[in-house]
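Participant: okay, sequence plus prediction incoming.
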Amino acid sequence: MPKALAAARNGDFETALAIWEPLARAGDARAQNNIGACFAGGLGVPRDADLAYRWLSLSAEAGDPVGQRNFASLLFKGEGITPDYQRAAALYRKAAEQNDAEAQDMLSWMLLEGDLIEPDFVEAHRWALAASENGSAASMTRLGMLYHNAIAVARDPIEAVYWWGRGARAGDADGQAMLGAAYHLGSGIARDPIEAFAWLLRARGGGSALAAPFFDVVRAALDAEELAEAERRAAMPLSETADPSQPASERNEQ
C-alpha cells in the first residue's frame with residue numbers, strides 16, 4: 001500500500017491500480033476505496049460512475065471511513081447516478097463517528113443548511129466543533145457563523161471572531177472575509193481598517209464572495225501608505241499573522 005500511495009501521489013495511477021486491484025478483490029476496504037475514487041475522478045482510468053459505485057459501496061459496507069465518505073460524496077453529487085441525499089448523510093455520519101474530519105464538516109453543513117435533509121442546528125454545531133478539532137478550516141468558519149447568528153448557541157461576537165480567526169489562518173477564504181469584516185466593523189475585536197483590508201485581500205484572492213460587500217468600502221477609507229501596509233500584511237505567510245482573539249474557555253478562566 002505505501003508503494004501504491006507513493007505512485008498515486010506522483011501521478012502514476014497505472015502502478016497504483018496494479019497494486020490496489022488484487023488487494024481490493026481480496027477484500028481490502030481501503031484498496032476498494034482507492035479504486036472507486038479513481039473511477040469517480042477519472043484518475044488513471046476513464047470516469048465510470050457504475051464502477052465507482054461498485055467499489056466505493058464495498059469499501060463503505062466494510063466500514064472504511066474514507067470509503068464511507070467517498071461513497072457519500074458520490075451519492076451527494078449524483079454524477080452519473082441518481083443522487084441520494086438521505087443515504088449520503090447517513091454515510092457521512094458513519095464516517096464522522098469514526099473521526100473523519102471531511103465527513104464531519106460535510107455532515108455539519110448538511111444539517112445546518114437543511115435543504116437536502118432535516119436540519120438540526122445542535123448537531124450541526126456538534127459536528128462543526130468535532131471537524132474543527134480535526135483541523136477543518138471550513139468548520140472553524142462555520143462555528144464563527146453560528147456564534148455570529150446565534151444558531152444553537154448564544155450570540156457571542158468575540159467567540160465568532162475567535163473561530164473566524166482560526167479558519168482564516170488555516171486558509172479558509174470565507175473565514176478571512178468574515179475576519180476582515182469584523183476588523184472593519186469593530187465587532188468582537190478592536191477596529192483596525194488596515195488589518196481588515198489585509199484579510200479582505202486574502203479572502204478575495206481565495207475566491208470568497210463574502211468579501212465583496214466590504215472590499216471597496218474598506219479600501220476607500222485607506223490612504224496610499226495604509227494600502228501598501230495592508231498589501232504587505234496580506235502577502236505574509238498565514239503562520240506569521242497575529243491572533244489577538246481568545247476562545248470562551250480561556251476568557252472564563254481570567
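Facilitator: Arrived safely.

Participant: CA only for contacts and neighbour counts going forward, please
Facilitator: OK.

Participant: shaky segments in this structure?
Facilitator: Within the chain, the segments meeting pLDDT under 70 span 244-254.

Participant: quick one: the strands in the protein?
Facilitator: Assigned by DSSP state E, the strands in the chain number zero.

Participant: okay, which residue is most central for it?
Facilitator: Closest residue to the average C-alpha location of the chain: Ala138 at 3.6 Å, with CA atoms, centre = their mean.

Participant: list the contacts for it?
Facilitator: Residues in contact with Ala138 (CA atoms under 8 Å, 6 or more residues apart in numbering) are Asp105, Ser132, Gly167, Asp172, Asp174, Gly175.

Participant: let's see 6 Å
Facilitator: Under the criterion of CA atoms under 6 Å, 6 or more residues apart in numbering, Ala138 has no neighbours.

Participant: not counting its neighbours along the chain, what's nearest Ala89?
Facilitator: Once flanking residues are discounted, Ala89 sits nearest to Leu107: 6.4 Å by CA to CA, 6 or more residues apart in numbering.

Participant: and the gap between that neighbour and Ile151?
Facilitator: Separation of Leu107 from Ile151 (CA to CA, to the nearest Å) stands at 16 Å.

Participant: more neighbours: these two, which one.
Facilitator: Using other CA atoms under 10 Å as the criterion, Leu107 and Ile151 rank with Leu107 on top: 25 against 16.

Participant: so how far is Ala49 from Leu111?
Facilitator: Applying CA to CA to Leu111 and Ala49 gives a distance of 26 Å.

Participant: typo on my end, Arg69
Facilitator: 16 Å.

Participant: settle it for me: which of these two has more neighbours?
Facilitator: Legend: neighbour count by other CA under 10 Å for Arg69 and Ala49, higher for Arg69 (30 against 19).

Participant: so that one touches Arg93, yeah?
Facilitator: No. Judged on CA atoms under 6 Å, Arg69 makes no contact with Arg93 at a distance of 8.7 Å.

Participant: and the closest residue to Ala221 other than its chain neighbours, how close does it get to Gly180?
Facilitator: The shortest distance from Ala221 to any non-neighbouring residue, by CA to CA, 6+ apart, is to Pro193 (7.8 Å). As judged by CA to CA, Pro193 and Gly180 stand 9 Å apart.

Participant: what does Glu226 give?
Facilitator: 15 Å.

Participant: who has more neighbours, the two?
Facilitator: Gly180 (34 against 16).

Participant: isn't that one up against Leu200?
Facilitator: Yes. Applying CA under 6 Å as the test, Gly180 and Leu200 come out as touching, 5.3 Å apart.

Participant: from what I can see Phe39 touches Asp50, true?
Facilitator: No. Assessed by CA under 6 Å, Phe39 is found out of contact with Asp50, at 8.6 Å.

Participant: looking at these two, which is more packed in?
Facilitator: Between Phe39 and Asp50, counted using other CA under 10 Å, the more crowded position is Phe39 (23 against 14).

Participant: ok, the more buried one - contacts?
Facilitator: Phe39 makes contact with Arg47, Asp48, Ala52 under the criterion CA under 6 Å, 6+ apart.

Participant: could you check how far it is from Gln68?
Facilitator: Distance, Phe39 to Gln68, using CA to CA: 16 Å.

Participant: ditto for Ala128
Facilitator: 18 Å.

Participant: likewise Ser187?
Facilitator: When distance is defined by CA to CA, Ser187 is 40 Å away from Gln68.

Participant: those two: which is more packed in?
Facilitator: Between Ser187 and Gln68, counted using other CA under 10 Å, Gln68 has the larger neighbour count: 29 against 17.

Participant: kind regards, and thank you for your time.
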